[in-house]
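**Student:** just a sequence and a predicted model for now, questions to come.
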Amino acid sequence: MYYEINENGELVQVRKVVMLMTEERAALLDRILLLATERNRIVTLHAETPSDKTEFIAAGHDLEELKLGKLLTNQDGVFLIYPEGISFIRKQSFKELHKKQRRKNRNKKIRNIIALLASIAAILGSIWKACS
């Protein structure tokens, strides 16, 4: 567990959830949450392929872990979306979060490559100086 300050300036306990997020999963989670309304929080998606059911189960697991909703039945992908899920999708989307994380990971890789190249340059400089 860790703590963070919410938008009201209150210290709240937060549970960190680590999950593998693909662009396709992000799009599915957004689609599920966007279909829910405050009046109708039940969302039904129809499986078009056998892999759809697997994706529905995984999406249901993700929604439950994040406390945004849950899968009621995977036969047709019936989801119950919690008020927190409706609130979440109004403010942001999983596709945005996925893009942001990919950009962050790419920038970290670039920084690591630059640091490695700088180290190599320093070593080559030392070798050049020693040979001169």
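**Tutor:** That came through, no problem.
**Student:** got a pLDDT number for residue 43?
**Tutor:** The score at residue 43 is 93. That number is its pLDDT.
**Student:** from the contact counts, what lies against the helix or strand residue 54 falls within?
**Tutor:** Using DSSP states H and E, residue 54 falls within helix 50-65. Counting contacts by 3 or more C-beta pairs under 8 Å, 6 or more residues apart in numbering; DSSP states H and E, helix 50-65 packs against helix 23-35, strand 69-73, strand 78-81. In short, each C-beta sits where N, CA and C put it, glycine included.
**Student:** strand 69-73 and the helix or strand following the last one, what's the angle between them?
**Tutor:** Read that as strand 78-81. Following strand 78-81 in sequence order, the next helix or strand is helix 83-91 (DSSP H and E). For helix 83-91 against strand 69-73, the angle by axes from the mean of the first three to the mean of the last three C-alpha atoms, to 10 degrees is 120 degrees.
**Student:** circling back: in the helix holding residue 54, what counts as buried?
**Tutor:** Residues of helix 50-65 classed as buried: 52, 55, 56, 58, 59, 60, 62, 63 (neighbour count, 16 or more other C-beta atoms under 10 Å).
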